[in-house]
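**Student:** kindly generate the corresponding structure for this input.
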Amino acid sequence: MARATKPIPAALGFRVKSGWAMVVLLAGNSDDLRIVKCQPILLSDPKIPETKQPYHAALELSTKDGKAVTARLCKIVARAAMQSVKSLLDESRDAGYRVRGAGVIVGSLVDPATLHNDHMRAHGFEGQLFRKVVEGALASEDIPYAVLVEKEAYRGAGMVLDRSPEETKSVIANLGKSREGSWRAEEKLAALGAWTMLEGSEQLK
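**Tutor:** Take a look at the predicted model:
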């Protein structure tokens, strides 16, 4: 990122996935949104593949061994997320952007303990884990954040931004025309999270 001449308000958006997250850094306002950065970050250790799905790694183990394995892998996940988010924020600050908040988009907020199927429960705990490590990393850097569930994200963001879900989708879709590369659901949702905090962080406090 090129160095800005003075601190510019900006916001981050995260579409959290299993072991990684798509991140967008936005600056500007609703009339002139600008993508500063759009890239994936790691929330796991590539040298330890099991950290992408730490609860699945314990499914075939005894309860005692499974808990020990999961605890070890979760600690690695937390460290990886902390490092990735800190590097991202440091990079943004060094480039002259003042990150005022972050929007975190997740697949679900359902309590994993209520899921009866072992594999679905493992997926649920992993989704919860990767959301929480991002939240923890942001909190450690004093970055305010808000969480939106994917299926309700456009409606929820539209309420904060005082726009209809259709208008919100249109703005996000058109935003992708300003950059080269893919503009899939992950990038769009990350941008939506950033826009929500850039324009509406006061309402979300």
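**Student:** which element is Ala102 on?
**Tutor:** Remark: Ala102 resides in strand 97-106, with elements defined by DSSP states H and E.
**Student:** same question, Ala10
**Tutor:** Element membership for Ala10 (DSSP H and E) is strand 8-16.
**Student:** what does the next helix or strand after that strand contact?
**Tutor:** As assigned by DSSP H and E, the chain's next helix or strand after strand 8-16 is strand 20-27. Contacts to strand 20-27, defined as C-beta atoms under 8 Å, 6 or more residues apart in numbering, come from residues 8-15, 33-44, 52, 88, 92, 97, 99, 130, 134, 186-187, 189-191, 193-195, 198. From N, CA and C alone the C-beta is placed, and that goes for glycine too.
**Student:** can you check stretch 147-158 too?
**Tutor:** Residues from elsewhere that reach stretch 147-158, judged by C-beta under 8 Å, 6+ apart: 15, 103-109, 131, 135, 164-165, 167-169, 189, 192-193, 195-196, 200.
**Student:** return the set of buried residues in the strand holding Ala102.
**Tutor:** Across strand 97-106, burial judged by 16 or more other C-beta atoms under 10 Å covers Tyr97, Val99, Gly101, Ala102, Gly103, Val104, Ile105, Val106.
**Student:** can you name the element that comes right after that strand?
**Tutor:** From strand 97-106, the next helix or strand downstream (DSSP H and E) is helix 118-140.
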